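Visitor: Show me the folded form of this:
(chains A, B, C and D)
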There are 2 protein chains.
Amino acid sequence: MSLPHAILTALLEKPSSGIELTRRFDKSIGYFWSATHQQIYRELGKLEQSGAIRELRRQQPSQGQKKEYEVLPAGRAELAAWVGRIEDPKPIRDALLLRLRAAGVVGAQGLDAEVGRHLALHRAQLAEYRAIEAHDFGPERASPGDRVRHLVLRGGIDLERFWVGWLEDAHRELRDMAGETGTGPEPTAK
Amino acid sequence: MSLPHAILTALLEKPSSGIELTRRFDKSIGYFWSATHQQIYRELGKLEQSGAIRELRRQQPSQGQKKEYEVLPAGRAELAAWVGRIEDPKPIRDALLLRLRAAGVVGAQGLDAEVGRHLALHRAQLAEYRAIEAHDFGPERASPGDRVRHLVLRGGIDLERFWVGWLEDAHRELRDMAGETGTGPEPTAK
DNA sequence: GTGATCATGTAACAAGTTACATGATTCC
DNA sequence: GGAATCATGTAACTTGTTACATGATCAC
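Guide: Numbering: from 1, shown residues only, chains lettered A, B, ... in the order given. Just a heads-up that it's a prediction; the model follows:
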């Protein structure tokens, strides 16, 4: 139940068309909630039908076939209610941790390369976040909205720092093991 | 495409029935890949049909209606191939970070309580992981399999440490802001 | 023997993914 | 005016969730 709220947030920040939302979901909002354009169009339809958003008529009507949407009071109210709603954290679902666990049973063949690849990706993401931080947030006392936005960004940064740290550890360990014992499976008990 | 591999891993660690797998997915494997019993039964059916697992006939046939499964060579081969497969990390999808971002637009009413609640849950999870670590892993030189299992656990620990740290930060910041300026929405630009 | 629970399963739905279709506009 | 692309959308499928159904076994 988070996609509609992600869209409402994005539309409150700036009224947009489906394609513009899609682009913004490739960065910014999408750092924490990704979505494809098909999901977005489907959800825009539902939100419009439920009265949370409406199509915005622009000044120049010759603007191609773009349909811009804006949030209605009902949509804003729903979003505000959702912010404080009691909702348990979803259990983690991470395929790489799972793959490592599988490696403990069937051997780590090929995993160190994958771990290295993921490490590079997370390092790049971390660098991107840090660049945004340096650009958008200074040391001065900021408005509440800015402080919240900075807090969200720090969440992203710390999460990537976790990944980079752990993946470095994993990479080292896997290389060690490959050197010592080969990457074959554990001797089975039976 | 991870659930079947999670099940294969669990079955290699120990042949089990559907209900036993379900229980193990509430801890252990489930720390990184959760699943309900309906998903598990559905997937067991598919895996059996594709020849990756088969029903295991037990010694005492009077064991109620439990059906235990074991992994066949094809299943083990598929799992080993998956471990080293190239597969990009899924973009993060976290509702709490998203809610905080929404709070930057419509106000943080009620969010500090939610953040406090999540903080407690993550602290509990961290404590649970640490207890497992203290119980299962000593300082001595371990077998490759144990080292991999410890690495996975450290991943879980570090991830929870990230959450606890960031949530403490967020909780402090939200309390500050509530004291200073109220929790209402940002003054809108328009 | 009956009520609780255990174990397996079905059905219906919601959310997310992948592939493709269609009309409009822009570039040359 | 034909090709490239932009923007919206459909269709089919997979994965995950919620609610319920069924038979077996256990406790008393």
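
Visitor: tell me the contacts of the residue most central in space within chain A?
Guide: Central residue of chain A (Cα atoms, centre = their mean): A:F32, 2.6 Å from the mean position. A:F32 makes contact with A:V152, A:G156, B:I92, B:R93, B:D94, B:L97, B:L98, B:R101 under the criterion Cβ atoms under 8 Å, 6 or more residues apart in numbering or on different chains. No exception for glycine: its C-beta is placed from N, CA and C like everyone else's.

Visitor: Show the residue spans covered by the helices in chain A.
Guide: With DSSP state H, the ranges of helices along chain A come out as A:3-13, A:18-24, A:37-49, A:73-83, A:95-106, A:111-136, A:144-181.

Visitor: Give the rounded mean pLDDT of the longest one.
Guide: Spelled out, it's helix A:144-181. The average pLDDT for helix A:144-181 rounds to 91.

Visitor: same question, the third one
Guide: pLDDT averaged over helix A:37-49 equals 95, rounded to a whole number.

Visitor: Could you quantify the relative orientation of that helix and helix A:73-83 as an angle?
Guide: Orientation check (axes from the mean of the first three to the mean of the last three Cα atoms, to 10 degrees): helix A:37-49 against helix A:73-83 gives 120 degrees.

Visitor: Pull the residues that contact helix A:37-49.
Guide: Against helix A:37-49 from outside (Cβ under 8 Å, 6+ apart): A:3-4, A:7-8, A:18-19, A:21-22, A:25, A:35, A:53-55, A:69, A:75.

Visitor: Also near DNA strand D: which of the contacts of A:F32, exactly?
Guide: Near DNA strand D, taking Cβ under 7 Å from any atom of the strand as the test, no member of the contacts of A:F32 is found.

Visitor: quick one: which two of those are the most distant?
Guide: Pairwise distances across the contacts of A:F32 (Cβ to Cβ) peak at 14.2 Å, for the pair A:V152 and B:R93.

Visitor: between these two, who's got more neighbours?
Guide: Higher neighbour count among A:V152 and B:R93: A:V152, with 23 against 17, using other Cβ atoms under 10 Å in any protein chain shown.

Visitor: got the contact list for the more buried one?
Guide: A:V152 neighbours (Cβ under 8 Å, 6+ apart): A:F32, B:L97, B:L100, B:R101, B:G104.

Visitor: cutoff 6 Å now
Guide: The contact partners of A:V152, by Cβ atoms under 6 Å, 6 or more residues apart in numbering or on different chains, come to B:L97, B:L100, B:R101.

Visitor: and the last one, what is it in contact with?
Guide: By Cβ under 6 Å, 6+ apart, B:R101 lies in contact with A:T9, A:V152.

Visitor: which bits of chain A sit near DNA strand C?
Guide: So far as Cβ under 7 Å from any atom of the strand goes, chain A lies against DNA strand C at A:M1, A:S2, A:L3, A:S34, A:A35, A:T36, A:Q38, A:Q39, A:S62, A:G64, A:Q65.

Visitor: which of the residues you listed sit farthest apart?
Guide: It's A:M1 and A:S62 that sit farthest apart of these, by Cβ to Cβ, at 37.8 Å.

Visitor: Those two: which has the busier surroundings?
Guide: Neighbours per residue, other Cβ under 10 Å: of A:M1 and A:S62, the larger number sits with A:M1, 8 against 5.
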